[in-house]
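Colleague: Structure for this input, please:
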Amino acid sequence: MKIKFRQWFGSLRTTTKISLSIGLLMAIIVMEMVIGYAALSAVWRADNAIQTSTEMQRLAMTMGRNWETARRLQREFFMQVATIGAEEAYRVQALASAAKISEVIRDGATLRRLLLAPDASMLMRERVPDLDLILATVTEYATLFDASSKLELRLTAGSSGLQAQRAAVVATLADALASAADNATLFPLFFTLRTVAEQPQTTGVSAASAQRSAADAALRDAIAVSLLPVDQKNLLVSTLDEYARMSDEILQTEAQIHDQLAVLKVLGERIEPNLLTLMATANKESGQARLQIAETRQLAIMLMAGATLAGFLAAVAIAVLLHYSVTRKITLLTRVAGQLQAGDLNARAVIDTTDELGRLAATLNAMAGELGLTIERLEVVRTAVLELTSELDVDKVLARALDVSASLTGAAAGCI
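Modeller: The predicted model follows:
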């Protein structure tokens, strides 16, 4: 195989050899560029992947922190209503909790766009349904918390809340009863009504309403049989009607708040496992992306180093091949020409190829042979001339000249 390749390569024209060598060098350069581009592209894609996974991880962790903060502020709001007032608690805790929930929804929407991007991993794409459930539940939670916080504000606001309005009605009733002649009978009944109507309800709306109605009926019956003037009775009854209406409204509002808080608790417990799973997946994806970029960088370094080494070896091989097939032969031909110039007519060039240099070597050898033959002939002529000039016999001179002419021309016979 090696001999055939040498014969084939030796039969090529020198310009073809040089062109092939230049082409191979250009191919090596292009190969280096392609491998370098592929390695850099792989590193770039891996770097984008880690940036995307890091952003996903950041968004998931931020969602978790904001969600925990929102839940904490929500609990603090309902606990501090009685301490700092409904308006202040709504301004400090409720609005801040709503803002955190809005950030959760905003970050979740951004995370969803990243999960649906073409370069997102399958591991993260599988979390899209969980994220959709989280966003839907958080949106429902935000709506319900807004409604419950406004109900609490409507219930316990300082001067405009339902409890404040009922307190004003209670003060009116107390003043009216205090001026009644038989207030000793009416006051205990009024105290019982307030105790039943204003105590924290633990038995449900229907039972609490029934208890309040019974106490209200007892007080109304006592007012009806009392010795109070008719106009004062009418005032007490109308005030009791307002008190009953306010108490029913407060009872209904408290029941709504209680039910909504129960639903908020369920929604919160539904969100947290999915949110924890999402954060764990984001952390895992970020770790895998970091490992991937480390492996990609190592592979890129190995590819570029291998391509560089291969290119260097190929360039050395081309240089050696050109040296032995072109440069070395030119040097040998130059040396043979120098020997001929120095008078060594036996010097010959080695002919082992059929390219231009091989033909040039053959031509040089032929020229050396012709030159040697010409010199031999001239030497014969010179010897003959010397002999002729030293000979006085004409016949001998003519015979010698005829022999030399026949020898030089190769003729079989001749005459003078």
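
Colleague: Show me which residues of the helix or strand hosting residue 190 are buried.
Modeller: In the assignment (DSSP states H and E), residue 190 maps to helix 183-198. Residues of helix 183-198 classed as buried by neighbour count (16 or more other Cβ atoms under 10 Å): 183, 186, 189-190, 192-194, 196-198. The way it works is simple: take the backbone N, C-alpha and C, and place the C-beta from them, glycine included.

Colleague: Also stretch 79-90?
Modeller: Neighbour-count burial for stretch 79-90 [16+ other Cβ under 10 Å]: 81, 86-87, 89-90.

Colleague: repeat for stretch 160-177
Modeller: 161-163, 165-166, 169-170, 172-174, 176-177.

Colleague: Just put those in TSV and tack on distance to residue 245, secondary structure and pLDDT.
Modeller: TSV is the format used below for those (distance: Cβ to Cβ, whole Å; DSSP: H, G, I helix; E, B strand; the rest coil; pLDDT from 0 to 100):
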residue	distance to residue 245	secondary structure	pLDDT
161	15	coil	85
162	10	helix	88
163	14	helix	86
165	10	helix	88
166	9	helix	87
169	9	helix	88
170	13	helix	86
172	14	helix	86
173	13	helix	83
174	18	helix	83
176	17	helix	79
177	19	helix	78
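
Colleague: can you redo the buried residues of stretch 79-90 as JSON lines with secondary structure and pLDDT?
Modeller: Shown next, in JSON lines, are the buried residues of stretch 79-90 (DSSP: H, G, I helix; E, B strand; the rest coil; pLDDT from 0 to 100):
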{"residue": "81", "secondary structure": "helix", "pLDDT": "83"}
{"residue": "86", "secondary structure": "helix", "pLDDT": "83"}
{"residue": "87", "secondary structure": "helix", "pLDDT": "87"}
{"residue": "89", "secondary structure": "helix", "pLDDT": "88"}
{"residue": "90", "secondary structure": "helix", "pLDDT": "89"}
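
Colleague: Show residues contacting stretch 303-315.
Modeller: Around stretch 303-315, the neighbours that count as contacts under Cβ atoms under 8 Å, 6 or more residues apart in numbering are 24-25, 28-29, 31-32, 35-36, 38-39.

Colleague: Among those, the buried ones, what's the ChimeraX command?
Modeller: The buried subset of the contacts of stretch 303-315, as determined by 16+ other Cβ under 10 Å, is captured in ChimeraX by this line:
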select :28,35,39
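
Colleague: and the contacts of stretch 303-315, which of them are in helices?
Modeller: Taking DSSP state H as the definition of helices, these contribute 24-25, 28-29, 31-32, 35-36, 38-39.

Colleague: right, and the pair among the buried residues of stretch 79-90 with maximum separation?
Modeller: Longest distance between any two of the buried residues of stretch 79-90 is 9.6 Å, between 81 and 87; criterion Cβ to Cβ.

Colleague: How far does the helix ranked longest in the chain sit from its chain's centre?
Modeller: Determined from DSSP H, the single longest helix within the chain is helix 230-322. With Cα atoms, centre = their mean, to the nearest Å as the basis, helix 230-322 stands 18 Å off its chain's centre.

Colleague: Next, the angle from the very next helix or strand once past it to helix 230-322.
Modeller: Following helix 230-322 in sequence order, the next helix or strand is helix 328-341 (DSSP H and E). Angle of helix 328-341 versus helix 230-322, following axes from the mean of the first three to the mean of the last three Cα atoms, to 10 degrees, is 20 degrees.

Colleague: Please compute how far helix 328-341 lies from its chain's middle.
Modeller: 65 Å.

Colleague: buried ones in it?
Modeller: Neighbour-count burial for helix 328-341 [16+ other Cβ under 10 Å]: 329, 333, 336, 339-340.

Colleague: same question, stretch 90-102
Modeller: 90, 93-94, 96-98, 100-101.

Colleague: cool, and stretch 105-113?
Modeller: Here stretch 105-113 shows 105, 107-108, 111-112 as buried, counting by 16+ other Cβ under 10 Å.

Colleague: Which members of these occur in helices, if any?
Modeller: Using DSSP H, 105, 107-108, 111-112 are the members of the buried residues of stretch 105-113 that sit in helices.

Colleague: quick one: which of those is nearest residue 251?
Modeller: residue 105 (33.8 Å).

Colleague: who's in contact with that closest one?
Modeller: Counting by Cβ under 8 Å, 6+ apart, residue 105 has contacts 135, 138-139, 142.

Colleague: Which single one of the residues you listed is nearest to residue 289?
Modeller: residue 135 (24.0 Å).

Colleague: Which strand or helix spans the closest one?
Modeller: Counting by DSSP H and E, residue 135 is part of helix 128-156.

Colleague: what about that helix, average pLDDT?
Modeller: The pLDDT scores in helix 128-156 average 91.

Colleague: Tell me if I'm right that residue 80 and residue 91 touch.
Modeller: No: counting by Cβ atoms under 8 Å, residue 80 does not reach residue 91; the two are 11.3 Å apart.
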